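[1] generate a structure from the sequence data that follows.
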Amino acid sequence: MYPEHGNLTWILSLLLLSGVLSNEWKVEYQPSVCAVKGSSVVIPCSFYYPKGEKVQEVKWGQESKDIYKGHFIFDSASNNQSSRFQYIGDKLQNCSLKINPVEHNIADKYIFRFITKSPTGQWTGTGGSTLKIVDLKTSVTNTSGHGATKEGDSVNVTCRNSCDGGDVSSAFIWLKNGESIHKGPSLYWRDISPSNSGNYTCSLEAHNGTTSRVVNINVEYGPKNTSVSVRPSTEVDVGSNVILTCSSRANPPVENYSWFKVDEDDVIIVENKSELHFREFSLAAGGRYLCSATNKHGSQNSTMVTLKVKAHFPYISIIASAAAALLIVAAVVIAVRSLCFRFNEKRAREPEADHVGDQQNTVYLNWPIPDNSNEGNPCEGEQIETVYTNIDFNTKRKSDMQQQMDSHSNDEGAIYSMLQFPGSYS
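    Numbers count the residues shown, from 1 in each chain. Down below sits the predicted model:
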């Protein structure tokens, strides 16, 4: 009824090695270990052996590798150790393994083996510990309901460690463009602005290398800071080249620019480009201008700029000369009429003899008077076109100029002066 002695010995040995008969040989693992890519992880492990045994070697291997042929990731008997796999246990009971950093390509089942001095003291723990590698998960929620994020929207960005199994027990930090800005699982903007645009990542606070995928927050908005610049100046020479440039900040960029000229009672659209060119500026081009910038989120007008025609000397000179000429003509006409009146009045009341006797002290002014049939002759009764009038001088007060003129004149008693009106004679 009992098994033969040889068979019994074999069965006892098998049970001993398997740990069924005795609980002295075994390895205990944590069946599954989860880690975030870029972090470090510890695979907990404990091992047991009979009293009296002394552990000489400890080894770790991956199930996908043939550890029974000596392919170990850690071997205490080897001097060639990997810096990534660190044995943090001992040769008593703790067989824990630390991996730093973890990457997706090392996800595997890890198995521990130890060797004692006993000829049969080689034990490999069955089952092993499965290492799972995950990424931090990020999600963006826009309460406005539309796809793009627009200025003024409410936006929530959340980071999650899927190793927590739905729990958010992990401590997170948030980074914007690589700079730490916040601690916690979420970022929330009730009224998001363009300044919040950027690239965001989350990380485990205890492991800075555990960076999530980049979340790009791109806040769109209508045109802002719309303005006009003028080259070379708002005071413009007639005929010169002037360029007005409209600029605006918008996201997405401005799709259309429009130029308007503002008159007192009307607004006229001038051009639909970002620049308004005047190749040869004219007097009519002067006035007030503004531009409008538009994208899909709205439009904005600039303030008005006024282009003034610069005062130019040649034009002033011509106008001034013309005005002076008109004033001179008017003055001459008045003077002629006054002299004619005095001449006729004096001739009427003075005796002829007295008139003849004063010839030596008389200065004659020779005024050619245009023949104007509509207005009549300004010196009534005279048929000739030359009117003589005399100005009496006291002989005792003869000036130096008069003496010089007397010395150069054949007619010692008269100075003749002629003023001819432009266009009066053919």
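[2] pLDDT weak spots in the stretch 251-400 of the chain?
    311-325, 329, 332-333, 335-336, 338-400 (pLDDT under 70).
[3] and the contacts of the helix or strand where N208 lies?
    Applying DSSP states H and E as the criterion places N208 in strand 207-211. The contact list for strand 207-211, computed with C-beta atoms under 8 Å, 6 or more residues apart in numbering, reads V36, K37, G38, S39, S40, P101, L136, L175, T201, C202, S203, L204. Any C-beta I mention is one placed from the backbone N, CA and C, and that applies to glycine too.
[4] for those residues, which one is nearest Y188?
    Nearest to Y188 out of those is C202 (C-beta to C-beta; 13.5 Å).
[5] list the beta-bridge partners for the nearest residue to that closest one once chain neighbours are set aside.
    Once flanking residues are discounted, C202 sits nearest to C159: 3.4 Å by C-beta to C-beta, 6 or more residues apart in numbering. Beta-bridge partners for C159, by DSSP bridges, are T138.
[6] tell me how many other residues crowd S139.
    A total of 11 residues lie near S139 under the criterion other C-beta atoms under 10 Å.
[7] what sits against the nearest residue to it once chain neighbours are set aside?
    Nearest residue to S139, sequence neighbours excluded (C-beta to C-beta, 6+ apart): T158, at 5.1 Å. Neighbouring residues of T158 by C-beta under 8 Å, 6+ apart: T138, S139, T141, P185, S186.
[8] any idea how far G184 is from T158?
    To G184, T158 is 10 Å away according to C-beta to C-beta, to the nearest Å.
[9] may I have stretch 179-195 as PDB, with CA atoms only?
    Output of stretch 179-195 as PDB, limited to C-alpha atoms (Å, rounded to 0.1, in the frame of the first residue of the first chain):
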ATOM      1  CA  GLU A 179       8.100  76.600 -16.300                       C
ATOM      2  CA  SER A 180       6.300  75.300 -13.200                       C
ATOM      3  CA  ILE A 181       3.100  77.300 -12.600                       C
ATOM      4  CA  HIS A 182       0.700  75.200 -10.500                       C
ATOM      5  CA  LYS A 183       0.300  72.200  -8.100                       C
ATOM      6  CA  GLY A 184      -2.800  70.100  -8.400                       C
ATOM      7  CA  PRO A 185      -4.600  67.800 -10.800                       C
ATOM      8  CA  SER A 186      -6.400  70.600 -12.700                       C
ATOM      9  CA  LEU A 187      -6.000  74.000 -14.300                       C
ATOM     10  CA  TYR A 188      -9.200  76.100 -14.600                       C
ATOM     11  CA  TRP A 189      -9.800  79.400 -16.300                       C
ATOM     12  CA  ARG A 190     -13.300  80.900 -15.800                       C
ATOM     13  CA  ASP A 191     -12.600  83.700 -18.300                       C
ATOM     14  CA  ILE A 192      -9.600  82.700 -20.400                       C
ATOM     15  CA  SER A 193      -7.500  85.400 -22.100                       C
ATOM     16  CA  PRO A 194      -4.900  85.400 -24.900                       C
ATOM     17  CA  SER A 195      -2.100  85.600 -22.200                       C
END
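[10] can you pull the contacts of the residue nearest to V242 when sequence neighbours are not counted?
    For V242, ignoring the flanking residues on the chain, the nearest one in space by C-beta to C-beta, 6+ apart is F278 at 4.2 Å. Residues in contact with F278 (C-beta under 8 Å, 6+ apart) are V236, N241, V242, I243, A285.
[11] apart from its chain neighbours, what residue comes closest to the last one?
    The reference is to A285. Nearest non-adjacent residue to A285 (C-beta to C-beta, 6+ apart): F278, at 5.6 Å.
[12] same question for the second one.
    Nearest in space to N241, with sequence neighbours left out and distances taken as C-beta to C-beta, 6+ apart, is R279 at 6.0 Å.
[13] give me phi/psi at the one you found?
    Main-chain dihedrals, R279, degrees, to the nearest 10: phi -70, psi -40.
[14] thinking again about what came up before, and the gap between the residue nearest to A285 and S40?
    F278 is 69 Å from S40, by C-beta to C-beta.
[15] next: S193.
    S193 sits 38 Å away from S40, going by C-beta to C-beta.
[16] so for those two, which residue has more residues nearby?
    It is S40, of S193 and S40, that has more neighbours when counted by other C-beta under 10 Å, with 17 against 12.
[17] wait, what's in contact with the closest residue to the more buried one other than its chain neighbours?
    Distances taken as C-beta to C-beta, 6+ apart put N100 closest to S40, at 3.4 Å, once the chain neighbours are dropped. Residues in contact with N100, defined by C-beta under 8 Å, 6+ apart, are S39, S40, V41, R84, Q86.
[18] out of those residues, which is most surrounded?
    S39 (22 neighbours).
[19] neighbours of the closest residue to it other than its chain neighbours, just the number please.
    Nearest residue to S39, sequence neighbours excluded (C-beta to C-beta, 6+ apart): H207, at 3.9 Å. H207 is flanked by 19 other residues according to other C-beta under 10 Å.
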